[in-house]
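In: predicted model and sequence follow; I will ask about them next.
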Amino acid sequence: MTTWFGKRTRRAGACRTSGSNRSVWWTTTASSSRRSSPGPRTRIWCSGSARRRSSPVLSALHFLTHVGISWIVADLARLTPRDRWIVVLAGTLPDLDGIGILWSEHAYAAAHRAAAHSVLFAVLIVVLAVLVADRPWAAGVLAAVSFHLHLLLDVIGTGGLPIRYLWPLTEREWSYDGHWVLASWPNAAVMTATALGVVVIEWRRRSLREPPR
C-alpha cells in the first residue's frame, strides 16, 4: 500500500482500473493506447470512475461522518460551546471548495479538493481559531487535527479521488492506492463508529449535567 504523487489529467479513452485497488495506467495517443506499469509519470484519471460508485445519499452520509468526527475531536479538551463549533467547522469547511458545482463541472473539477483541502487553508483555519476562540491554543490544535482527519478520510474513503495539499504552490496531487469507495464496508464501519462515539459523548455530557437524585 503506497501513496503516489503526480499530476492528474483527464483524457478521452483514459481510465484507471479499480480491481483489487491496484493502479494500472493507460497512456492514450492519437493512434493507439499503450498499457504501462505504475511509475512516476502523469496520471490518466477516468473522471467518471469514482462518480459511478457515489450518490447524493452516500455523499451526505460521508459529510455527516466529517461532522461527527470533528465533534468527537472537540471533546478531547474542555472547550466552550463556541470553541467546540470552531473545531467542528474546521473539520467540515474543506468541502466548501465543492461549491463550484453550482456553476459547472469544470469549475468544480478545478477547485474541489484544492483550495480548501490545502495546507494554506489549514493555516488560515488555525489562525482564525486562535484569534477568535475562548481557549485559543487548545481550539487551534484541535482545529488542525479535525481538518487533517477530514483530509485523511477523503483520501482513503472516497474511491481514490486525490487532494492537492500543496495547492497553489504546486498542482501535485496526493492519493492512496489502498483506498476504498463510498459504498464499502470500511466506510460503513467508520460511519457507525462515529455515530456511536457521538451518542456516547452526548450521553456522558447529559449525565454530568443532571443533578444527583
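Out: Sure, I can see it.
In: for the closest residue to residue 149 other than its chain neighbours, give me its contacts.
Out: Spatially, and ignoring its direct neighbours in sequence, residue 149 is nearest to residue 69 (5.6 Å; C-beta to C-beta, 6 or more residues apart in numbering). All C-beta spots, glycine's among them, are computed from the backbone N, C-alpha and C. Residues in contact with residue 69 (C-beta atoms under 8 Å, 6 or more residues apart in numbering) are 91, 146, 149, 150, 153, 194.
In: which one among those gets closest to residue 206?
Out: The shortest approach to residue 206 among the contacts of residue 69 belongs to residue 194, at 18.7 Å (C-beta to C-beta).
In: so where's the chain uncertain?
Out: 1-54, 98-112, 210-213 (pLDDT under 70).
In: quick one: buried residues of stretch 181-194?
Out: Buried residues in stretch 181-194, counted by 16 or more other C-beta atoms under 10 Å: 181, 182, 187, 190, 191, 194.
In: go ahead and name everything in contact with the longest helix along the chain.
Out: In the chain, with assignment by DSSP state H, the single longest helix is helix 185-209. The contact list for helix 185-209 (C-beta under 8 Å, 6+ apart) reads 61-62, 64-65, 68-69, 71-72, 75, 153, 157, 180-181.
In: swap in 7 Å and give it another go.
Out: By C-beta atoms under 7 Å, 6 or more residues apart in numbering, the list of residues contacting helix 185-209 from outside reads 61, 65, 68, 69, 71, 72, 75, 157, 180.
In: hang on, the earlier thing: next, give me the two most distant ones among the buried residues of stretch 181-194.
Out: So, the buried residues of stretch 181-194 by C-beta to C-beta: farthest apart are 181 and 194, at 18.0 Å.
In: name the helices or strands packed onto the host helix or strand of residue 91?
Out: Under the criterion of DSSP states H and E, residue 91 resides in helix 81-92. Here helix 81-92 touches helix 56-74, helix 119-132, helix 136-157, going by 3 or more C-beta pairs under 7 Å, 6 or more residues apart in numbering; DSSP states H and E.
In: can you point out the buried residues in the second one?
Out: Buried residues in helix 119-132, defined by neighbour count with 16+ other C-beta under 10 Å: 121, 122, 125, 126, 128, 129, 130.
In: switch those residues over to TSV; also include distance to residue 85.
Out: Listed next are the buried residues of helix 119-132 as TSV, based on distance: C-beta to C-beta, whole Å:
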residue	distance to residue 85
121	18
122	18
125	13
126	15
128	13
129	11
130	15
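In: quick check, nearest of those residues to residue 165?
Out: Of all the buried residues of helix 119-132, residue 122 has the smallest distance to residue 165: 8.8 Å, by C-beta to C-beta.
In: distance check, that closest one against residue 170.
Out: Residue 122 sits 16 Å away from residue 170, going by C-beta to C-beta, to the nearest Å.
In: residue 189 too?
Out: Residue 189 is 34 Å from residue 170, where distance means C-beta to C-beta.
In: swap in residue 125?
Out: From residue 125 across to residue 170, the span is 21 Å (C-beta to C-beta).
In: swap in residue 182?
Out: Going from residue 182 to residue 170 by C-beta to C-beta gives 27 Å.
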